[in-house]
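**Student:** Give me the fold of what follows.
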Amino acid sequence: MAAAMWAPIAGFLLVLPALLLPPAASSAAMVFPLHGNVYPSGRFFVTMNIGVPAKPYFLDIDTGSDLTWVPNQLYEPKGQNMVRANDPLCAALHEDGWSGDGNHMLPTQCDYEIKYADGASTIGALIVDQFSFPRIATRPNLPFGCGYNQGVGENFQQTSPVNGILGLDRGKVSFVSQLKMLGIITKHVVGHCLSSGGGGLLFVGDDDGNLVPSSRVTWVPMSRSNINTKNYYSPGSATLYFDRHSLGMNPMDVVFDSGSTYTYFTGQPYQATVYAIKGGLSSTSLEQVSDPSLPLCWKGQKAFESVSDVKKEFKSLQLNFGNNAVMEIPPENYLIVTEYGNVCLGILHGSRLNFNIIGDITMQDQMVIYDNEREQLGWIRGSCGRSPTKSVMSLFP
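**Tutor:** Predicted coordinates for the structure are as follows:
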């Protein structure tokens with residue numbers, strides 16, 4: 001949902017192989033290594049090889065968007081790659097709410113305009129080109145956007161090497177939906193494991209208990225009723241707790257969004273969270289300080305090197321979704337330590353939102369699974385920084 005960075009890269013593009021578990025592509029999950037971090041990069045990204053000849057692009061994994069796109073500064077489409085305005089793919093894209101300027105729509109191309117939750121935006125045209133995956137003979141032609149006008153949002157991280165976005169939500173033109181439609185994968189399932197130390201993995205396709213220990217996953221039914229768009233991944237409403245005590249509010253609507261670096265709470269939950277955290281710090285030596293990285297930060301008697309240096313001063317948050325489904329949010333999942341040695345709150349005020357976003361910072365060090373076949377969301381703590389050998393199961397001892 002939050003937009004990616006569009007800094008061009010010279011001499012830094014790497015081709016990173018996808019792992020296939022097991023080898024049969026049609027029944028396997030495709031597992032991709034991730035790079036990046038919450039801070040200072042601000043993005044977790046995957047390498048996708050697109051075009052003929054294939055060229056690698058770094059794409060922000062975004063479960064809050066359906067459209068995959070790259071900037072036209074790095075990708076120059078040919079005429080035969082353009083999707084026409086009367087193509088069913090164009091209708092599917094616009095059906096998901098990403099319409100272009102109807103007054104200036106050319107029949108020879110499918111225009112779109114997307115605005116993200118962090119204020120960023122992209123305008124472009126829909127195209128189709130070849131994607132190449134290691135160890136898979138098939139090189140499918142998949143739809144994606146060629147963005148010719150990008151705008152950055154708040155908390156823009158110039159250090160991010162990301163070129164564009166890999167759209168992973170439930171929309172018809174999303175990367176996963178198209179792979180399933182073409183038979184490259186058999187199930188519409190997405191999972192990611194984001195390491196607090198940087199990197200991690202993304203999988204798409206058949207889970208069936210071969211990738212993660214399903215019986216140990218906390219599962220919550222997907223909700224479509226409370227959020228004003230059908231393609232967001234929402235576990236519905238949750239009650240917010242601080243240090244096991246309810247913050248005394250009505251349940252809050254929640255969306256899981258890997259395209260958002262930080263977590264966003266709307267007005268009342270945000271104010272209640274800040275009040276509770278500040279109250280818990282009143283007897284400590286921490287002092288509030290201005291830091292350009294984030295709005296609310298504290299300094300100690302000496303500079304902090306990591307969250308481990310200061311986490312004992314903070315309490316955990318909990319989201320209770322009912323039916324004993326609880327997401328624990330320890331300090332490591334809502335704090336960062338900046339280059340200035342301060343500790344900052346990675347939960348921001350979502351003043352433009354009418355729902356609450358669980359972003360990368362809160363999803364770190366756990367596998368989060370978006371199972372569209374069973375209409376459920378799940379999470380399980382794991383060692384996301386370890387490389388799986390024979391099975392992703394090795395990450396969940």
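**Student:** Near residue 52, how many other residues are there?
**Tutor:** 10 (other C-beta atoms under 10 Å). C-beta here means a position set from N, CA and C on the backbone, and glycine is covered the same way.
**Student:** err, residue 323, not the other one
**Tutor:** 10.
**Student:** Also residue 385?
**Tutor:** 17.
**Student:** Can you name the residues that contact it?
**Tutor:** Contact analysis of residue 385 by C-beta atoms under 8 Å, 6 or more residues apart in numbering lists 195, 196, 197, 198, 199, 200.
**Student:** who's in contact with the second one?
**Tutor:** With contacts taken as C-beta under 8 Å, 6+ apart, residue 196 has the following neighbours: 37, 38, 332, 364, 365, 384, 385.
**Student:** how close does it get to residue 125?
**Tutor:** Residue 196 sits 38 Å away from residue 125, going by C-beta to C-beta, to the nearest Å.
**Student:** where along the stretch 1-150 of the chain do the strands fall?
**Tutor:** Ranges of strands within the stretch 1-150 of the chain are 19-21, 29-37, 43-50, 55-62, 69-71, 111-115, 121-132, 141-151, based on DSSP state E, counting those that start in this stretch.
**Student:** Can you say which of those strands is nearest to residue 296?
**Tutor:** Minimum separation from residue 296 across the strands of the stretch 1-150 of the chain (C-beta to C-beta) falls at strand 29-37, 20.3 Å.
**Student:** send the alpha carbons of the closest one over as PDB?
**Tutor:** Output in PDB follows, covering the C-alpha atoms of strand 29-37 (Å, rounded to 0.1, in the frame of the first residue of the first chain):
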ATOM      1  CA  ALA A  29       5.600 -22.900  -3.600                       C
ATOM      2  CA  MET A  30       8.000 -20.400  -5.100                       C
ATOM      3  CA  VAL A  31      10.400 -19.100  -2.500                       C
ATOM      4  CA  PHE A  32      12.300 -15.800  -3.100                       C
ATOM      5  CA  PRO A  33      15.000 -14.300  -0.900                       C
ATOM      6  CA  LEU A  34      14.400 -10.900   0.400                       C
ATOM      7  CA  HIS A  35      16.700  -8.000   1.100                       C
ATOM      8  CA  GLY A  36      16.300  -4.700   2.900                       C
ATOM      9  CA  ASN A  37      15.100  -3.700   6.400                       C
END
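**Student:** Most neighbours of all the contacts of residue 385, which one?
**Tutor:** For those, the largest neighbour count, defined by other C-beta under 10 Å, is 29 neighbours, found at residue 200.
**Student:** wait, isn't that one in contact with residue 191?
**Tutor:** No. Here residue 200 does not reach residue 191: they are 10.5 Å apart, not a contact under C-beta atoms under 8 Å.
**Student:** still on that earlier bit, any idea which of the strands of the stretch 1-150 of the chain is most buried?
**Tutor:** Comparing those by mean neighbour count (mean count of other C-beta atoms under 10 Å), strand 69-71 ranks first with a mean of 26.
**Student:** which secondary structure elements does it contact?
**Tutor:** In terms of contacts (3 or more C-beta pairs under 8 Å, 6 or more residues apart in numbering; DSSP states H and E), strand 69-71 is packed against strand 141-151, strand 164-167.
**Student:** Now do the shortest one: everything it contacts.
**Tutor:** Judged by C-beta under 8 Å, 6+ apart, the contacts made with strand 164-167 from elsewhere in the structure are 3-4, 6, 45-46, 48, 57-62, 65-71, 147, 173-175, 259.
**Student:** can you map out the helices along the stretch 151-300 of the chain?
**Tutor:** 175-181, 267-280 (DSSP state H, counting those that start in this stretch).
**Student:** Grab the CA positions of the first one and hand them over as PDB.
**Tutor:** Taking C-alpha atoms only, helix 175-181 is exported to PDB below (Å, rounded to 0.1, in the frame of the first residue of the first chain):
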ATOM      1  CA  PHE A 175       1.400 -11.100  -9.300                       C
ATOM      2  CA  VAL A 176      -0.100 -14.100  -7.300                       C
ATOM      3  CA  SER A 177      -3.500 -14.000  -9.000                       C
ATOM      4  CA  GLN A 178      -1.900 -14.100 -12.500                       C
ATOM      5  CA  LEU A 179       0.500 -16.900 -11.600                       C
ATOM      6  CA  LYS A 180      -2.400 -19.000 -10.400                       C
ATOM      7  CA  MET A 181      -4.500 -18.200 -13.500                       C
END
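**Student:** Report all helices and strands that it contacts.
**Tutor:** strand 141-151, strand 200-205.
**Student:** for the closest residue to residue 347 other than its chain neighbours, what are its contacts?
**Tutor:** Nearest residue to residue 347, sequence neighbours excluded (C-beta to C-beta, 6 or more residues apart in numbering): residue 263, at 4.8 Å. Counting by C-beta under 8 Å, 6+ apart, residue 263 touches 334, 346, 347, 348, 356, 357, 358, 359, 361, 362.
**Student:** Under the pLDDT cut-off, which ranges of the protein? List them.
**Tutor:** Within the chain, the segments meeting pLDDT under 70 span 1-28, 96-105, 153-159, 207-210, 225-230, 387-397.
**Student:** tell me the domain ranges of it?
**Tutor:** Annotated domains of the chain cover 19-205, 214-395 [automatic domain parsing].
**Student:** just the ones you listed: most buried one?
**Tutor:** By mean neighbour count, with neighbours taken as mean count of other C-beta under 10 Å, domain 19-205 ranks first of the domains of the chain at a mean of 20.
**Student:** Nearest spatial neighbour of residue 325, chain-adjacent residues omitted?
**Tutor:** residue 220 (4.8 Å).
**Student:** I figured residue 144 hits residue 50, correct?
**Tutor:** Yes. Counting by C-beta under 8 Å, residue 144 touches residue 50, with 7.4 Å between them.
**Student:** tell me, what's touching these two both at once?
**Tutor:** 70, 129.
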